[in-house]
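Asker: Fold the following, please.
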Amino acid sequence: MYVERHTVAVTTDAAGAATAYSQVVTGGLSQIRYVKGDFTDGVDFTITAEATGETLWAELNVNASKTVAPRQPTHGTDGVAALYAAAGEAVRAPIALARDRIKVVIAAGGDTKSGTFHFLVE
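Answerer: Numbering: from 1, shown residues only. Okay, here's the model as predicted:
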């Protein structure tokens, strides 16, 4: 398996907001690592695929660095959600990105503060 790391450093404006983009990526999104830097505690962010607007990670009031592994529900060819039989939990798979950029939108980050996002794509 070949994995690429795409890093996006983000610095907010005086209002504590920012929008930044990754380079073009292709593959399954394996994980996102947020490295706080000096963003104000309680920073809000929304990370989406630029072309489709699909949410990759959205969280409010983040105070510390963390790693997530976002997944999407899968479906049968009939469009019905695929479920694990025993528990009825959704079957999930990595989110596919095809020649797309990852868009990072920051709010409530503080005046001229920064943080970094690492995207691992298989």
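Asker: now this protein, which segments are flagged as low pLDDT?
Answerer: 86 (pLDDT under 70).
Asker: need the strands for it, in chain order.
Answerer: For the chain, applying DSSP state E gives strands covering 4-11, 18-21, 25-35, 43-49, 55-62, 66-68, 71-73, 92-100, 102-107, 114-121.
Asker: Tell me the helices and strands packed up against the last one.
Answerer: In terms of contacts (3 or more C-beta pairs under 8 Å, 6 or more residues apart in numbering; DSSP states H and E), strand 114-121 is packed against strand 4-11, strand 25-35, strand 102-107. In this view, the C-beta of every residue, glycine as well, is placed from N, C-alpha and C.
Asker: Which one, of those strands, ends up nearest to residue 92?
Answerer: Nearest of the helices and strands packed on strand 114-121 to residue 92, taken as C-beta to C-beta: strand 25-35 at 11.7 Å.
Asker: ok, now how distant is the residue lying closest to residue 27 once chain neighbours are set aside from residue 39?
Answerer: Spatial nearest neighbour of residue 27, chain neighbours left out: residue 121 (4.1 Å); criterion: C-beta to C-beta, 6 or more residues apart in numbering. Going from residue 121 to residue 39 by C-beta to C-beta, to the nearest Å gives 24 Å.
Asker: Can you pick out the residue with more neighbours from these two?
Answerer: Between residue 121 and residue 39, residue 39 has the larger neighbour count (other C-beta atoms under 10 Å), namely 26 against 21.
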